[in-house]
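Participant: Fold the following for me, if possible:
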Amino acid sequence: MIETLTPVTVRLGGQVRPLKAGAVLTLSQSQGWKLRAKAGEKVRLVPDGPCFACQSTRRWVSIHGAVVCPTCHPPTSPGLVKQWIGGRSEIAGVSPART
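Facilitator: The predicted structure is shown next:
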């Protein structure tokens, strides 16, 4: 899944689609990575299921835009966390940063 962070126009399946900020697209993983590579900071990958390694559905979003599994990769500093997605807001004793 891809979430748009700013308004963006994308070409999918031969069609040009303008998207508003906050729109979510369900794409294959390869399509999502391709769109992320082309659109840069205008979109971000959003996990659409459990972590493939630990099956956790919790995620944290770094201040740089990465979406990360906190079980496999806990944040080293609360200042790196922009947002928590799913589950508890406190994971491994680290409180989410206020936005």
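
Participant: Every contact and neighbour count from this point should use C-alpha atoms.
Facilitator: Noted.

Participant: chain center to the one helix or strand in the chain whose mean pLDDT sits lowest: distance?
Facilitator: When the helices and strands of the chain are scored by mean pLDDT, DSSP states H and E, strand 24-25 comes last with a mean of 77. Remark: strand 24-25 is offset 11 Å from the chain centroid, using CA atoms, centre = their mean, to the nearest Å.

Participant: Stretch 70-86 too?
Facilitator: Here stretch 70-86 is found 12 Å from its chain centre; the criterion is CA atoms, centre = their mean.

Participant: can you give me the strands in this protein?
Facilitator: Residue ranges of the strands in the chain, as given by DSSP state E, are 2-4, 8-12, 15-19, 24-25, 43-45, 59-62, 67-68, 81-85.

Participant: Can you tell me what sits against the fourth one?
Facilitator: To tie it back to what came earlier, the one meant is strand 24-25. M1, I2, E3, T4 (CA atoms under 8 Å, 6 or more residues apart in numbering).

Participant: out of the strands of the chain, which comes closest to A53?
Facilitator: strand 67-68 (12.1 Å; CA to CA).

Participant: Where does pLDDT dip in the protein?
Facilitator: In the predicted model of the chain, residues 29, 47-48, 87-99 satisfy pLDDT under 70.

Participant: Against the centre of it, work out the most remote residue.
Facilitator: When distances are taken from the C-alpha mean of the chain, G14 lies farthest, 25.1 Å away, according to CA atoms, centre = their mean.

Participant: Now do the phi/psi pair for that one.
Facilitator: phi 80, psi 0 (degrees, to the nearest 10).

Participant: Distance-wise, check the closest residue to M1 other than its chain neighbours relative to V67.
Facilitator: Closest residue in space to M1, ignoring its immediate chain neighbours: T26 at 4.4 Å, by CA to CA, 6 or more residues apart in numbering. As for T26, its distance to V67 is 16 Å (criterion: CA to CA, to the nearest Å).

Participant: Cool, thanks, signing off.
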